[in-house]
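Q: Sequence first, then the predicted structure:
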Amino acid sequence: MLDEILQQGHLLLIEDYQFQDGNGSKDKFLIVINRNDEFAYIIHTLTTSQNKLNLPSDHYGCLVAGNIPYFFVQKDTALGENKFSFDKDTFIFFRNNIRKENLSSFLKYNENNIVLKEKLPNVFLKRLLKCMLKSDFIDLNIESELIKIKDEL
């Protein structure tokens, strides 16, 4: 089951996601950017209706404010074949949320707590990766791998 759900382009909801710092849990979305037999390249995101930084949110896609790139998805925007949409505006920032994670780290979750919400098209993934690679906060250890993934889409 885990092998089937952790596939490139899958938008997943992990119910009761355990934060790495040990400070509690919360339902959390993640996007599988790519994976191999050992690792998954993922991006975590939380939906939010609050725009505390007063960032532009007038159109879908990559935006840059104050040298900070982010990807914006308006609520109710269908993202793929299943027509999944977030019920809140979603800002995807690229700071401390892009990870190369061992597949074994997902074994701590009950299979029923990892829910496939959408199969994102490659066009979406490529746009997301292009935006992500504009960030100064990308881990240099995985940047070249992310570029390769983008170029293969």
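A: Nice, I can see it.
Q: can you map out the strands along the protein?
A: Listed from the start of the chain, the chain has strands (DSSP state E) covering 10-18, 25-35, 39-45, 61-65, 68-73, 90-93, 98-102, 114-119.
Q: Format those as JSON lines; extra columns: distance to residue 136 and mean pLDDT.
A: No exception for glycine: its C-beta is placed from N, CA and C like everyone else's. As requested, those are exported to JSON lines (distance: least, C-beta to C-beta, whole Å; pLDDT from 0 to 100):
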{"stretch": "strand 10-18", "distance to residue 136": "26", "mean pLDDT": "85"}
{"stretch": "strand 25-35", "distance to residue 136": "19", "mean pLDDT": "87"}
{"stretch": "strand 39-45", "distance to residue 136": "16", "mean pLDDT": "87"}
{"stretch": "strand 61-65", "distance to residue 136": "11", "mean pLDDT": "91"}
{"stretch": "strand 68-73", "distance to residue 136": "9", "mean pLDDT": "90"}
{"stretch": "strand 90-93", "distance to residue 136": "12", "mean pLDDT": "86"}
{"stretch": "strand 98-102", "distance to residue 136": "12", "mean pLDDT": "88"}
{"stretch": "strand 114-119", "distance to residue 136": "29", "mean pLDDT": "94"}
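Q: Pipe those strands into CSV and attach mean neighbour count and distance to residue 133 per row.
A: What follows is the strands of the chain, written out as CSV (neighbours: other C-beta atoms under 10 Å; distance: least, C-beta to C-beta, whole Å):
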stretch, mean neighbour count, distance to residue 133
strand 10-18, 17, 20
strand 25-35, 19, 11
strand 39-45, 19, 12
strand 61-65, 14, 10
strand 68-73, 20, 9
strand 90-93, 21, 13
strand 98-102, 17, 10
strand 114-119, 17, 22
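Q: Turn those into JSON lines, including distance to residue 54.
A: Converted to JSON lines, the strands of the chain look like this (distance: least, C-beta to C-beta, whole Å):
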{"stretch": "strand 10-18", "distance to residue 54": "27"}
{"stretch": "strand 25-35", "distance to residue 54": "23"}
{"stretch": "strand 39-45", "distance to residue 54": "19"}
{"stretch": "strand 61-65", "distance to residue 54": "9"}
{"stretch": "strand 68-73", "distance to residue 54": "13"}
{"stretch": "strand 90-93", "distance to residue 54": "12"}
{"stretch": "strand 98-102", "distance to residue 54": "24"}
{"stretch": "strand 114-119", "distance to residue 54": "29"}
